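Enquirer: Return a 3D structure for these sequence lines:
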Amino acid sequence: MKVIRGIPPSFIRTPCALTIGNFDGVHLGHQALLAELHAHAKLHQLQTCLLTFEPHPKEFFSPQNAPARILGLRDKLDALKKTGVDLVVVEHFNADFAKKTPSEFVNDIIVNGLQTKHIVIGDDFHYGSKRAGDIHSLKLAGLEHGFTVHALPTVNDSSEKRISSTAVRQAIQSGNLDLAEQLLGRPYKISGHVIHGKKLGRTLGFPTLNVALSNQFQQRRPAMTGIFVVQVHGLHHEPIQGVASLGYRPSVENAGRVLLETHLFDFNQDVYGRIIQVEFLKKLRDEAKYSDLPSLQSAIEADANAARNYFKN
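Expert: Residues are numbered from 1 along each chain as shown. Here you go, the predicted model:
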């Protein structure tokens, strides 16, 4: 999979089958849409192309009210790579881009920018300034410019509820990680580089791997916070079990920065700089503020014991 920031230059443009969206979560609904995209691309010998935006348009227009991120950009691209898409174009969403009329969006992006021959989109798709363009206007534009449009109906889960980023986000926020896994088609994970921290965990007897979270989480907060049973991928051929804190460390600093700290069981290696994936298995509790370090130490010990019992059972 090739990833390009912004519309590719003309000399490397190739006729494509295109889909457009934010794809936060890359859930089963997104995966069904991408399967449809691949089927059409194969039939007509086109490359598959996905256009997404950074930041999310809602984050640009209303940052205080924008939804929490399910995935940072690295994890979204990793999930998209597993779907087999050929090209991902990450378009910087800014004031100039937001001003594009539906006609300009079609001309500048879909036709001239990406040489689109076919589009697969969700049935709630809108485009252009003030979301003025819709599926009907896109199909009319396709007749004029020589591309076809297929709107994929809503994808529902086993209980006939719509699979959406909102549904995934709600499942994660409520701590229902089993439901989140069902909607995503995979366990919920967050990745990042292991960085140096303040070494407080080591002082308390529970050394942690501190994971640098993406700017998307720092700017928009993650979809969940709390204490979790986890297993970590990327350090060994088998995942390593542990317990993790994701949030703002109210007992230590509460500085407004989101931190992911993972205490791994029976592990003591120098892995600074490595990229790891933290897979969240069960939420144990919300974050809490403790009056002193002994109280915090007791809470961490209880969390570690609860996580060990989870794996035993």
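Enquirer: Just the CA atoms of the longest helix that the chain contains, as CSV, please.
Expert: For the chain, the longest helix by residue count, based on DSSP state H, is helix 293-312. What follows is helix 293-312, C-alpha atoms only, in CSV (Å, rounded to 0.1, in the frame of the first residue of the first chain):
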residue,chain,number,x,y,z
LEU,A,293,2.0,7.2,46.7
PRO,A,294,1.3,4.2,49.1
SER,A,295,-2.4,4.4,48.2
LEU,A,296,-1.5,4.5,44.5
GLN,A,297,0.9,1.6,44.9
SER,A,298,-1.8,-0.5,46.5
ALA,A,299,-4.2,0.3,43.7
ILE,A,300,-1.7,-0.7,41.1
GLU,A,301,-1.0,-3.9,42.9
ALA,A,302,-4.7,-4.7,43.0
ASP,A,303,-5.0,-4.0,39.3
ALA,A,304,-2.0,-6.2,38.4
ASN,A,305,-3.5,-9.0,40.5
ALA,A,306,-6.9,-8.6,38.8
ALA,A,307,-5.2,-8.8,35.4
ARG,A,308,-3.2,-11.9,36.3
ASN,A,309,-6.5,-13.5,37.4
TYR,A,310,-8.1,-12.6,34.1
PHE,A,311,-5.4,-14.5,32.2
LYS,A,312,-5.6,-17.5,34.6
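Enquirer: Give me the distance between that helix and the centre of its chain.
Expert: Centroid separation between helix 293-312 and its chain, computed with CA atoms, centre = their mean, to the nearest Å, is 29 Å.
Enquirer: Report the buried residues of that helix.
Expert: Within helix 293-312, the residues scored as buried using 16 or more other CB atoms under 10 Å are Leu296, Gln297, Ile300, Asp303, Ala304, Ala307. To be clear about C-beta, it is placed using only N, CA and C from the backbone, and glycine gets the same treatment.
Enquirer: Tell me the one among those residues nearest to Lys2.
Expert: Lys2 lies nearest to Ala307 out of the buried residues of helix 293-312, by CB to CB, at 39.4 Å.
Enquirer: Does the most centrally placed residue in the chain belong to a helix, a strand or coil?
Expert: Centroid-nearest residue in the chain, with CA atoms, centre = their mean: Leu71, separated by 2.0 Å. Assigned by DSSP: H, G, I helix; E, B strand; the rest coil, the conformation of Leu71 is coil.
Enquirer: Kindly state the pLDDT recorded for it?
Expert: Leu71 carries a pLDDT value of 93.
Enquirer: how far does stretch 17-31 stretch from start to finish?
Expert: When the termini of stretch 17-31 are compared using CA to CA, to the nearest Å, they are 15 Å apart.
Enquirer: Run the chain-centre distance for it.
Expert: The chain centre lies 11 Å from the centre of stretch 17-31; the measure is CA atoms, centre = their mean.
Enquirer: Same check on stretch 182-190?
Expert: Taking CA atoms, centre = their mean, one finds stretch 182-190 lying 10 Å from the centre of the chain it belongs to.
Enquirer: would you put the C-alpha positions of that stretch in CSV?
Expert: What follows is stretch 182-190, C-alpha atoms only, in CSV (Å, rounded to 0.1, in the frame of the first residue of the first chain):
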residue,chain,number,x,y,z
GLN,A,182,-17.3,-7.6,17.0
LEU,A,183,-17.9,-4.3,15.2
LEU,A,184,-14.2,-3.8,14.3
GLY,A,185,-13.7,-7.5,13.2
ARG,A,186,-10.5,-7.5,15.3
PRO,A,187,-9.4,-6.6,18.9
TYR,A,188,-9.0,-2.9,19.7
LYS,A,189,-5.3,-1.8,19.7
ILE,A,190,-3.3,1.3,20.0
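Enquirer: where do the helices sit along this protein?
Expert: 28-44, 57-61, 73-81, 95-98, 102-104, 135-145, 165-173, 177-184, 200-203, 215-220, 293-312.
Enquirer: so where's the stretch 151-300 of the chain uncertain?
Expert: 198-205, 216-220, 250-256 (pLDDT under 70).
Enquirer: Try it again at 90.
Expert: Applying pLDDT under 90 to the stretch 151-300 of the chain flags the ranges 154-161, 195-208, 212-223, 236-237, 247-259, 266-272, 287-300.
Enquirer: Per-residue pLDDT of Leu114, please?
Expert: Note on Leu114: pLDDT of 96.
Enquirer: so what's it up against?
Expert: Taking CB atoms under 8 Å, 6 or more residues apart in numbering, we find Leu114 in contact with Ile7, Pro8, Arg13, Cys16, Leu18, Cys49, Leu51, Val89.
Enquirer: From those, list the buried ones, please.
Expert: Neighbour-count burial (16+ other CB under 10 Å) is assigned, among the contacts of Leu114, to Pro8, Cys16, Leu18, Cys49, Leu51, Val89.
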